[in-house]
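J.: make a model of this:
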Amino acid sequence: MSRSPSLCGVILAAGESSRMGRDKALLPWPASSVPGFSGKTFLSAAIQSLNAYNDMVIVVVGKNETTLTPVIYATGASLVRNSAPEQGQFSSLQVGLREVLNRGRDAAMVTLVDRPPVNPATLESLLSAFAAAADHTWAIVPEYQGKHGHPILIRREMIEVFLRAPGTASARDLQHQYQTHLEYASVDDPFVTWNVDTPQDYESLLRQSPPQPK
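T.: Alright, predicted model coming up:
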């Protein structure tokens, strides 16, 4: 199994899930949908998937800290709180990456909580691309059928880019600005691009998931 002693998983989970109507981190997720994972929610499944390939996993929480804390600790991760989640997802990214550096790590595998975890083979492929990347490559971004997704793997140089940016910036704009330092890795996994924002999105995902074992 691939591991990097300096790699830290980061899960952004501080959003208010206003379009969903309930916290997306706690949406039940069928374990049989992703071979090798036994998570009962999006959050626990994401932690389990990243735990296998990172030295540690940090979850960025917001006003939902109280409800997510038991899941985070029970699944072997740690947390950091974004005190101003209303500033948007980029603020949570900055909070998470500061904690990565505080923990003595210089690279991160960043994903969002509003999706099922990707397949283990996808993470293996991304890690292989990350390990083989040239020095001028600061990030590996998965690509499925022409669309870019998560998790993204970023080196210290890209972490510094995100942390130096103003809070009004966006990760997407910064990735475009530093396009020459990004490498896109093609993967055969639709989950890298699947966002679950509404109840309809969630129902669509469940319809396409394998049935649960009895």
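J.: show the pLDDT at the most centrally placed residue in the chain.
T.: Taking C-alpha atoms, centre = their mean, the centroid of the chain lies closest to residue 111, which sits 1.0 Å from it. pLDDT, residue 111: 97.
J.: residue 189: what's it in contact with?
T.: 118, 119, 121, 122, 142, 144 (C-beta atoms under 8 Å, 6 or more residues apart in numbering). C-betas here are computed from N, CA, C, even on glycine.
J.: count the neighbours of the spatially closest residue to the residue nearest to the centre of the chain that is not a sequence neighbour for me.
T.: Nearest non-adjacent residue to residue 111, counting by C-beta to C-beta, 6 or more residues apart in numbering: residue 151, 3.8 Å away. Residue 151 sits with 28 neighbouring residues when counted by other C-beta atoms under 10 Å.
J.: can you pull out the strands in this structure?
T.: 7-12, 56-61, 78-81, 107-112, 139-144, 147-148, 152-155, 182-186 (DSSP state E).
J.: and the ones you listed as JSON lines, adding distance to residue 196?
T.: Below are those laid out as JSON lines (distance: least, C-beta to C-beta, whole Å):
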{"stretch": "strand 7-12", "distance to residue 196": "14"}
{"stretch": "strand 56-61", "distance to residue 196": "17"}
{"stretch": "strand 78-81", "distance to residue 196": "21"}
{"stretch": "strand 107-112", "distance to residue 196": "10"}
{"stretch": "strand 139-144", "distance to residue 196": "16"}
{"stretch": "strand 147-148", "distance to residue 196": "15"}
{"stretch": "strand 152-155", "distance to residue 196": "18"}
{"stretch": "strand 182-186", "distance to residue 196": "23"}
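J.: quick one, which of those strands is packed in tightest?
T.: Mean neighbour count (mean count of other C-beta atoms under 10 Å) peaks for strand 7-12 among these, with a mean of 27.
J.: strands paired with that one, and their directions?
T.: If you go by DSSP bridges, strand 7-12 pairs up with strand 56-61 (parallel), strand 107-112 (parallel).
J.: now do the last one: distance to the chain's middle.
T.: Here the centre of mass of C-alpha atoms in strand 107-112, compared against the chain's by C-alpha atoms, centre = their mean, to the nearest Å, lies 5 Å away.
J.: also stretch 161-176?
T.: Relative to the mean C-alpha coordinate of its chain, stretch 161-176 is positioned 17 Å out (C-alpha atoms, centre = their mean).
J.: ends of it, how far apart?
T.: For stretch 161-176, the first-to-last residue distance is 12 Å (C-alpha to C-alpha, to the nearest Å).
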